[in-house]
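Asker: next one to model:
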Amino acid sequence: MSLEIETINPYTEEVICKYTVVTTQELDSKIKKAHKAFGEWRKNINSRTDYFHKFAQQLRKYKENLAMTATNEMGKVIKESRSEVEKCAWAIEYFADNGASFMQDEITNTDARKTYIKFNPIGVIASIMPWNFPYWQAIRFAAPSLIAGNATVLKPASATIQCGIELENAANRTGLPDGVFQSIVGNSGIVNDLIKSQYISAVTFTGSVKVGSLIASQATSQIKKCVLELGGSDPFIVCKDADIEKAANGAVKGRFINCGQSCIASKRIIIVDDIKDEFLEKFVSNTEKLKVGNPTSEESDLGPMVNVSALEKIDSQVKGALKEGAELVVGGERIDKNKGYFYQPTIIKNVTPNMHIAQEEVFGPVAPIMTVKDEKEAIKIANDSEYGLGASIWTKDLDTAEKLAENIETGIVSVNNVVASDPRVPFGGVKKSGFGRELSRFGMLEFVNIKSVRLYDQLYTQHHVE
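Answerer: Alright, predicted model coming up:
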């Protein structure tokens with residue numbers, strides 16, 4: 001008997017579609033197809049570049065359809081869905097324009113007549129992606145990997161299956177060789193079969209620490225490279241000399257984008273005591289202006305959360321923080337709209353580092369406020385986390401900002417702006433936020449064979465060690 005997955009619109013709570021999970025035989029067939037396609041795809045980067053430009057054009061041409069699909073499947077407001085599609089097109093164009101130079105052989109001097117380093121694709125990459133940015137997180141991995149000459153098999157999250165299918169449809173419309181980019185319909189049960197396939201060369205995963213550790217264990221047991229992006233609890237540090245207006249605006253964007261369901265959202269607002277009252281007043285005022293409602297409406301700033309489980313978890317985290325002694329400033333309740341998984345934009349103050357809400361990842365529209373005496377204490381609290389993905393610092397003194405950035409234990413630091421991924425710079429974290437990098441040349445190099453080649457005229461007999 002075949003298994004089915006239902007996707008549910010988090011605004012209407014109605015079933016959107018039912019999908020049949022691939023069988024083991026179907027999965028094996030798709031992976032073999034990708035392996036076969038890889039043999040030709042890897043040969044010509046100029047051809048890959050041409051396909052990439054067409055791919056970006058397809059995303060822009062069908063932007064409205066793609067955006068509405070994401071909004072219906074996971075509740076993202078439509079203006080954010082459009083922005084996500086545009087960002088995907090930009091990233092694809094960036095790697096089309098720069099991929100060839102990133103893959104250039106590097107010449108170096110040794111005792112050989114000629115020494116160079118080549119960057120060869122390694123094969124088929126299994127990509128296991130989440131629902132919160134269903135297009136961007138797939139493309140964030142796929143663009144650098146595909147331009148390098150790899151093929152990929154994408155397993156989108158069960159909540160956003162159609163988004164994965166639409167990406168494959170867009171790729172197919174460009175004439176991309178059959179099998180180079182495939183999306184599979186599957187649940188967690190197919191992941192092990194996907195990873196252990198002899199035709200899968202490496203694995204990339206974005207999601208929870210718990211699942212990421214299992215993915216890493218499965219991949220490494222097969223001696224396969226993996227890259228993990230496992231979320232974060234990003235500190236948002238407001239120094240005493242910060243531009244309060246800009247910082248308060250940044251806090252709203254950083255905390256409430258995608259209804260707070262973002263790995264690099266600002267999840268711990270850390271304010272130096274001298275300016276806490278002024279900052280909080282502006283932050284609260286900005287937060288209260290946010291419009292929560294129908295995600296297809298141009299007027300909405302926040303839509304529903306992805307599902308009822310996510311709604312219940314964020315509500316539980318808020319209630320738990322209040323029991324531990326935090327104080328509610330605004331929000332703190334579900335929104336009763338008869339249907340839809342809505343939660344009020346929420347601010348909680350008097351949060352201390354030992355509270356659960358300060359240690360856990362808060363994946364929803366809730367901003368915990370922590371107060372410190374100075375920047376030194378802010379850094380200490382920022383680093384007091386099992387996560388280390390991103391951090392933002394708000395100060396007018398850029399020399400001070402550089403010193404603070406040096407001491408923050410994260411993979412990304414943004415000064416006077418919110419943390420955002422960018423195809424031009426590497427993306428990834430440390431500690432339990434994962435390992436490896438996506439985007440930029442560094443993202444490409446995660447899934448290539450860095451091959452050293454040395455050409456000698458004669459045997460050198462003085463070598464006595466390996």
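Asker: list the contacts for the nearest residue to Thr395 once chain neighbours are set aside?
Answerer: Nearest residue to Thr395, sequence neighbours excluded (C-beta to C-beta, 6 or more residues apart in numbering): Cys239, at 3.9 Å. Backbone N, C-alpha and C define where each C-beta goes, glycine included. By C-beta atoms under 8 Å, 6 or more residues apart in numbering, the residues touching Cys239 are 272, 375, 378, 393-395, 397, 400, 404.
Asker: distance check, the most centrally placed residue in the chain against Gly320.
Answerer: By C-alpha atoms, centre = their mean, the chain has its centre lying nearest to Gln137, at 5.0 Å. Gln137 sits 29 Å away from Gly320, going by C-beta to C-beta, to the nearest Å.
Asker: same question, Gly250
Answerer: Counting by C-beta to C-beta, the gap from Gly250 to Gly320 is 27 Å.
Asker: these two - which one has more neighbours?
Answerer: Gly250 (23 against 14; other C-beta atoms under 10 Å).
Asker: for Ile200, grab phi and psi.
Answerer: With angles defined as degrees, to the nearest 10, Ile200 shows backbone torsions of phi -90, psi 130.
Asker: I'd guessed it sits against Ile122; true?
Answerer: No: Ile200 lies out of contact with Ile122 (C-beta atoms under 8 Å); the separation is 10.4 Å.
Asker: the helices in the stretch 201-350 of the chain, which residues?
Answerer: Assigned by DSSP state H, counting those that start in this stretch, the stretch 201-350 of the chain shows helices spanning 209-221, 244-256, 276-288, 308-323.
Asker: which one of the ones you listed is the most hemmed in?
Answerer: When the helices of the stretch 201-350 of the chain are scored by mean count of other C-beta atoms under 10 Å, the highest mean neighbour count falls to helix 244-256 (a mean of 21).
Asker: which residues touch that one?
Answerer: 234, 236, 238, 265-267, 269, 275, 278-279, 282-283, 285-287, 290, 301-302, 345, 365, 367, 392, 394, 416-419.
Asker: who's in contact with Ser197?
Answerer: 27-28, 31, 126 are the contacts of Ser197 under C-beta under 8 Å, 6+ apart.
Asker: mind redoing it with 7 Å?
Answerer: 28, 31 (C-beta atoms under 7 Å, 6 or more residues apart in numbering).
Asker: mind listing the strands for the stretch 51-200 of the chain?
Answerer: With DSSP state E, counting those that start in this stretch as the criterion, the stretch 51-200 of the chain has strands at 106-108, 114-121, 124-128, 151-155, 181-183, 200-206.
Asker: mind putting these in CSV, mean pLDDT included?
Answerer: Formatted as CSV, those follow (pLDDT from 0 to 100):
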stretch, mean pLDDT
strand 106-108, 97
strand 114-121, 98
strand 124-128, 98
strand 151-155, 98
strand 181-183, 98
strand 200-206, 98
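Asker: show me what the top helix by length along the chain is packed up against.
Answerer: What stands out as the longest helix in the chain, according to DSSP state H, is helix 78-102. When contacts are defined as 3 or more C-beta pairs under 7 Å, 6 or more residues apart in numbering; DSSP states H and E, helix 78-102 packs onto helix 45-61, helix 63-74, helix 136-147.
Asker: so, low pLDDT: which residues of the stretch 251-400 of the chain?
Answerer: By pLDDT under 70, the stretch 251-400 of the chain contains no weakly predicted segment.
Asker: what ranges does it have for its strands?
Answerer: With strands called from DSSP E, counting those that start in this stretch, the stretch 251-400 of the chain shows them at 266-272, 327-330, 346-349, 366-372, 387-388, 390-394.
Asker: adjacent strands (with direction) for the shortest one?
Answerer: According to DSSP bridges, the neighbouring strands of strand 387-388, each with its direction, are strand 430-431 (antiparallel).
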